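Colleague: take this sequence and fold it.
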Amino acid sequence: MRIFGFCLLVGAFGCATAQPFAPSSQQCSEFDDVVRKAEAAGALEGPPEATTRLADAKSEFDYAQHIPLYPERARGLAAKAQADAELALALARQHQADVALFARAAAHVEAVTAPPAPVAAEPTVARATTLAETASSTGNASAAPATASAARTDN
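Modeller: So this is what the prediction gives:
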């Protein structure tokens, strides 16, 4: 019976002195970096799955820091939180790429289906020159400028 009591006392003392999970500063900074990148990529207002994953990652990482009696479970939750944050970042970046692709496709479709721009009529300079040459060859020099200006106003 004394051995049982001793084992119980050692077991209780061993559990009470178990090291609680405390993420390293490197692990915290990596997690915060991924969360910042995901938020900058639009995970908060982008696709719903990215928003959900990012919210889950934040709550899991926070919860992992507050489970002192189960350090292995806390480590697993912290690793899952990191993976969820990275997935949210990937989903947000994919959403950005899809939006850019759709915008380019819409611009291309609009350019292809737009009616052609009307071609502006150019003034007939050759006709005015021909009339001026005709007037000068007949000897009627005073009529040449009037005829040339009349030809330009017709168009």
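Colleague: ok, longest helix in this protein?
Modeller: As far as residue count goes, and with DSSP state H defining each element, the longest helix of the chain is helix 71-113.
Colleague: domain assignment for the chain?
Modeller: Recorded structural domains for the chain (assignment: automatic domain parsing) are 20-113, 125-154.
Colleague: ok, which stretches of the protein are helices?
Modeller: Applying DSSP H to the chain gives helices spanning 2-16, 25-40, 48-64, 71-113, 125-138, 143-154.
Colleague: same for the fourth one, what does it pack against?
Modeller: Pointing back at helix 71-113 there. If contacts are counted by 3 or more Cβ pairs under 8 Å, 6 or more residues apart in numbering; DSSP states H and E, helix 71-113 sits against helix 25-40, helix 48-64. No exception for glycine: its C-beta is placed from N, CA and C like everyone else's.
Colleague: next, the angle from that helix to helix 48-64.
Modeller: Direction vectors for helix 71-113 and helix 48-64, defined by axes from the mean of the first three to the mean of the last three Cα atoms, to 10 degrees, enclose an angle of 160 degrees.
Colleague: which residues of the protein score low on pLDDT?
Modeller: Filtered on pLDDT under 70, the chain yields the residue ranges 1-21, 120-155.
Colleague: same thing but at 90, please
Modeller: Regions of the chain meeting the criterion pLDDT under 90 cover residues 1-25, 46, 65-70, 106-155.
Colleague: for stretch 71-80, buried residues please.
Modeller: The neighbour-count criterion (16 or more other Cβ atoms under 10 Å) identifies Ala74, Leu77, Ala78 as the buried residues of stretch 71-80.
Colleague: pretty sure the first one contacts Ile67?
Modeller: Yes: checked against Cβ atoms under 8 Å, the pair Ala74 and Ile67 is within contact range at 4.4 Å.
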